[in-house]
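**Q** Provide a 3D model corresponding to the input given below.
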Amino acid sequence: MASFFGASGLMDVWFAATKIPNVIQNLLGEGTLSASVIPVYSEFLEEGREEEAGRFAGAVLGILMAVAGGAALLGVLLAPVFMPLAFAQWDAEKVGLATDVVQVLFPMTAVLVVSAWALSILNSHRRFLVSYLAPVAWNAVIISTVVAVGFGLGWSGRQLLLAAAWGALGGGVLQFAVQVPYVVPLLQHFRITVDCSVSGVGEALRNFVPVVAARGAVNIGSLLDIFVAAYLVEGAVAVLGYAQILYVLPISLFGMSIAASELPELSRQRKAPATEVALQVSKALERIHFLLIPSMVAFLLLGDLFVGGLYQRGEFSPATTPVVYAVLAAYTLGILASSGSRVLSTAFYAMRDTRTPARMAYLRVVVSLVVGISLMFPLDRFESGVLHFGAAGLALGASVAAWLEYILLRRRLRRVLGPHGPASSVRNRILAASAVASVAAVTAKRVLGSTVPVHDGVINNLLGDSMPWLVQPALAASTAVVLGVVYLTVTARMGVGAPLRQLLGRTSTKS
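**A** Coordinates of the predicted model:
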């Protein structure tokens, strides 16, 4: 899509249109649903109450289908009214296209919310692989649609963007279908109802509202960033979206996966001594540090290579790369805090405290907007080609707010569990290893060839004439491998971390 649309008004439309239903999906779906359903469902399983677990799962699914379906229908009907109000600064044609796209994507949202129910059931049974691989099907359908219609039929512009939206709808259906064969055998005494009197449903609903307020607040904050960025030059929303794709990658791969694996285990340990729960949280935060600190180093030092290697082709011009890199670097400063907050919030949810994360999330959204807007306009004075750097101010606001939330959550959890967190000796060794790896990565970047189009780098000499389009991806991949290998080697020598099989084990207990 970067090749077809670059950082254009069309890509502004795509990122804005996908963000709106995505917020609803997150409000009703994966994060919030897991946090409210998994503790109750896991406790039923732990106590051997399979029949109650099955009836609970059926009632949750019925209620969820009714709510998600209603929300999707309402979104389709209200889009022609809401979109012109939300993006009043856009011209009528751009708003009209955004309305058409979002009307296709709202039904997709309902399907993905139901898919999140399947994820919650699988995770409660310690089945993580299928549920987290299923979204690959969603992405694969979008990509296949764009490739087939764009390259095969020669579609472009508005037609291609609408085709991608229909591909997203089909991909959402496939994502749910992939999980069904694995969920069905796990369910006993299962029957879809909308009966709120079923055992456990009342507690799940009571937990759901503050969880929506907590995790939903962050998603609403990112949506508000889109609304604010729309006031900047055309392409600013697209720049923000491209940077967010990379920024969310390590959080999704490492932060969310560790938090997801911890939730069932911490839920089972709810009545255990505080010291045991604190130890579990500390181990999770150590894994977060082990995996996320080198990710931050990679984005800060090699972000230009990643942006150029992944996006810079076709309509995505070289002048766009430094702007996206600046926004990515600003977001990167908050990666560790955002991932750590997911784990800390999970600990509160497991202890049935949903209000504390909610209050911290409200504060995070307010601080993010205040700091982001105050930095956005001064940074917007700087430019690269037709694009400006104002979006980097919003990203910096998000990072400042993420650290504030993390610090406050740690302080509140300390009152409940006592001392917790990664040991200072472990953290210092991780930082030292990251410093060594960063020196190796910068050296490799200079030797292999920088993002500036020079002709004396190793990669450029090997690929520059025969396959110039591979130069940037090869530079990014090669330099990232150097950083990763050096980091893992040094940490292994220092006795930090664990074998990869254990780090990415199916449950935190096994890891």
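**Q** contacts, neighbours, all on C-alpha from now
**A** Fine.
**Q** pull the helix or strand with minimum mean pLDDT from the chain.
**A** For the chain, using mean pLDDT, DSSP states H and E, the weakest element among its helices and strands is helix 500-503, scoring a mean of 48.
**Q** what about dumping the CA coordinates of stretch 367-380 to CSV?
**A** Taking Å, rounded to 0.1, in the frame of the first residue of the first chain, the C-alpha atoms of stretch 367-380 are listed here in CSV:
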residue,chain,number,x,y,z
VAL,A,367,-1.3,14.1,29.2
SER,A,368,-0.7,12.6,25.8
LEU,A,369,-3.0,15.1,24.1
VAL,A,370,-1.8,18.2,26.1
VAL,A,371,1.9,17.4,25.5
GLY,A,372,1.4,16.3,22.0
ILE,A,373,-0.5,19.3,20.8
SER,A,374,1.9,21.7,22.6
LEU,A,375,4.8,20.1,20.6
MET,A,376,3.0,19.5,17.4
PHE,A,377,2.8,23.0,16.0
PRO,A,378,6.4,24.1,16.8
LEU,A,379,7.7,20.9,15.2
ASP,A,380,5.5,21.4,12.2
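**Q** May I see the buried residues of that stretch?
**A** Within stretch 367-380, the residues scored as buried using 16 or more other C-alpha atoms under 10 Å are 367-369, 371-373, 375-377, 379-380.
**Q** In those residues, find the pair that's most separated.
**A** Greatest spacing in these, by C-alpha to C-alpha: V367 and D380 (19.8 Å).
**Q** Look up phi and psi at R313.
**A** Main-chain dihedrals, R313, degrees, to the nearest 10: phi -170, psi 160.
**Q** separation between it and L45?
**A** With distances taken as C-alpha to C-alpha, to the nearest Å, R313 is found 51 Å from L45.
**Q** again with F151
**A** According to C-alpha to C-alpha, F151 stands 50 Å off from L45.
**Q** ok, the two, which is more surrounded?
**A** Neighbours were counted for F151 and for L45 using other C-alpha atoms under 10 Å; L45 has more, 17 against 12.
**Q** Name all residues that make contact with the more buried one.
**A** Residues in contact with L45, defined by C-alpha atoms under 8 Å, 6 or more residues apart in numbering, are A53.
**Q** where exactly do the helices run in the stretch 1-150 of the chain?
**A** Counting by DSSP state H, counting those that start in this stretch, the stretch 1-150 of the chain has these helices, from start to end: 2-5, 9-28, 30-46, 50-86, 92-124, 129-146.
**Q** pretty sure P378 is touching G390, no?
**A** Yes: under the criterion of C-alpha atoms under 8 Å, P378 makes contact with G390 at 7.3 Å.
**Q** helices and strands around the helix or strand harbouring R427, which ones?
**A** According to DSSP states H and E, R427 maps onto helix 424-448. In terms of contacts (3 or more C-alpha pairs under 8 Å, 6 or more residues apart in numbering; DSSP states H and E), helix 424-448 is packed against helix 274-311, helix 458-463, helix 471-494.
**Q** who's in contact with the closest residue to V426 other than its chain neighbours?
**A** Once flanking residues are discounted, V426 sits nearest to V496: 6.6 Å by C-alpha to C-alpha, 6 or more residues apart in numbering. Shown in contact with V496 (C-alpha under 8 Å, 6+ apart): 426, 429-430.
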